[in-house]
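Chemist: Fold the following.
(one chain, ligands or ions: 3)
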Amino acid sequence: MHTDKIIAAPETVGIIMDGNGRWAQARSLPRKEGHTKGMINLIEIASAAFRLGAKNVVCYSLSTENLNREKDELEHILSLVLRYFDAFVDAFRSRKVCAKFVGRLDLLPEEIRYSLLRTESLLAEFAGTGRTIYIAIAYGSRAEIVDAVNKAISRGEPVTEQELLAELSFPLELDLIIRTGGERRLSNFFLYQGAYAELYFSDRYFPDFSKEDLHEAFEWYASRQRRRGLVL
Ligand code: IPE
Ligand code: IPE
Ligand code: MG
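Modeler: Ligands and ions are numbered 1, 2, ... in the order given. Below you'll find the predicted structure:
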């Protein structure tokens, strides 16, 4: 198994965890089963990313658009926050990783919001370690950008690119974005922060995406030449 730390691991990684529903449907299981597997795998894969040397890992777990899914499926996805609360806190506590939730948390039921805030506070002591797991939930990049621009307008001062970045709920540049599940699109995931991210697409459905697959993605990243518009 490849678990060695990678030289030149991406510092900030985004993971679009797609394909839970199709994973379940391919096994004649209800889509919900795929979401449960996906939640378990989120903890595994994010932990592995820190082990390989990443400092910030941001996982896309629910978009604002996903809030319009069928009630039953949505309620199940949200219930996983409560069901895996302990496992999540224990896993990241043991790695001394701090947690932050980004998105329109006000659109979530109060019980869920409370659980997210409690998770953040239980891991807040690790803020100084330089390792943070971010969960994008009820998140949409366009809305995040519009909110940041409106904040800047209300102050009546023009902002620079760096200042606008600092206004965002996730104020970091992404080095690598991984999308599982076979689609080649960003689906409203960190459009501003990902301007120069390397994009890695895997055909595996997220519940099947393994630590070995992650290692492969990181190795691929390490082989890229990041020119940022220059001639190197
Ligand atoms: C990703 O899996 C998780 C969420 C969007 C909540 P999907 O539920 O989109 O799974 P597919 O893409 O339909 O297989
Ligand atoms: C993106 O997946 C959102 C998450 C993985 C949470 P979707 O399944 O919602 O994206 P589309 O509909 O294929 O663009
Ligand atoms: Mg999908």
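Chemist: Could you name the helices and strands sitting against the host helix or strand of Ile145?
Modeler: According to DSSP states H and E, Ile145 maps onto helix 141-155. For helix 141-155, the contact count by 3 or more Cβ pairs under 8 Å, 6 or more residues apart in numbering; DSSP states H and E identifies helix 161-167 as packing neighbours. All C-beta atoms are positioned from the backbone trio N, CA, C, and that covers glycine.
Chemist: which residues sit against the following helix or strand past the helix it packs on?
Modeler: With elements assigned by DSSP H and E, the helix or strand that comes after helix 161-167 is strand 176-179. The set of residues external to strand 176-179 that reach it, using Cβ atoms under 8 Å, 6 or more residues apart in numbering, is 10, 12-16, 18, 185-186, 189-190, 194, 197-202, 214, 217-218, 221.
Chemist: So in that sheet, which strands flank strand 176-179, and in what orientation?
Modeler: Its sheet considered, strand 176-179 pairs with strand 12-16 (parallel), strand 198-201 (parallel) by DSSP bridges.
Chemist: got CSV for the ones you listed, with mean pLDDT, mean neighbour count and distance to Cys98 too?
Modeler: Compiled in CSV, the strands paired with strand 176-179 are given as follows (pLDDT from 0 to 100; neighbours: other Cβ atoms under 10 Å; distance: least, Cβ to Cβ, whole Å):
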stretch, mean pLDDT, mean neighbour count, distance to Cys98
strand 12-16, 98, 26, 14
strand 198-201, 98, 18, 25
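Chemist: and Arg28, backbone torsions?
Modeler: Quick fix: residue 28 reads Ser, not Arg. Note on Ser28: its backbone torsions stand at phi 60, psi 30 [degrees, to the nearest 10].
Chemist: For the chain, give the helix that spans the most residues.
Modeler: The helix that spans the most residues within the chain, counting by DSSP state H, is helix 31-51.
Chemist: which helices and strands does it pack with?
Modeler: Using 3+ Cβ pairs under 8 Å, 6+ apart, the elements in contact with helix 31-51 are strand 12-16, helix 20-25, strand 56-63, helix 71-83, helix 85-94, helix 211-222.
Chemist: Let's see that with 7 Å instead.
Modeler: Packing contacts for helix 31-51, counted by 3 or more Cβ pairs under 7 Å, 6 or more residues apart in numbering; DSSP states H and E, involve helix 20-25, strand 56-63, helix 71-83, helix 85-94, helix 211-222.
Chemist: Any idea which of these gets closest to ligand 1?
Modeler: With respect to ligand 1, and counting by Cβ to the nearest ligand atom, the nearest of those is helix 20-25 at 3.0 Å.
Chemist: circling back to that earlier point, list the buried residues in the longest helix of the chain.
Modeler: Of the residues in helix 31-51, those with enough neighbours to count as buried (16 or more other Cβ atoms under 10 Å) are 31-39, 41-43, 45-51.
Chemist: go on, stretch 188-205?
Modeler: Neighbour-count burial for stretch 188-205 flags 188-190, 192-194, 197-198, 200-202, 205 (criterion: 16+ other Cβ under 10 Å).
Chemist: biggest separation within these, which pair?
Modeler: Pairwise distances across these peak at 27.9 Å for Tyr192 and Tyr205 (criterion: Cβ to Cβ).
Chemist: Can you pull the residues of this structure lying near ligand 2?
Modeler: Taking Cβ under 6 Å from any ligand atom as the test, the list of the chain residues beside ligand 2 reads 16-18, 60-63, 66, 183, 185, 187.
Chemist: Using neighbour counts, trim these to the buried set.
Modeler: Buried residues within the residues of the chain next to ligand 2, counting neighbours by 16+ other Cβ under 10 Å: 16-18, 60-63, 66.
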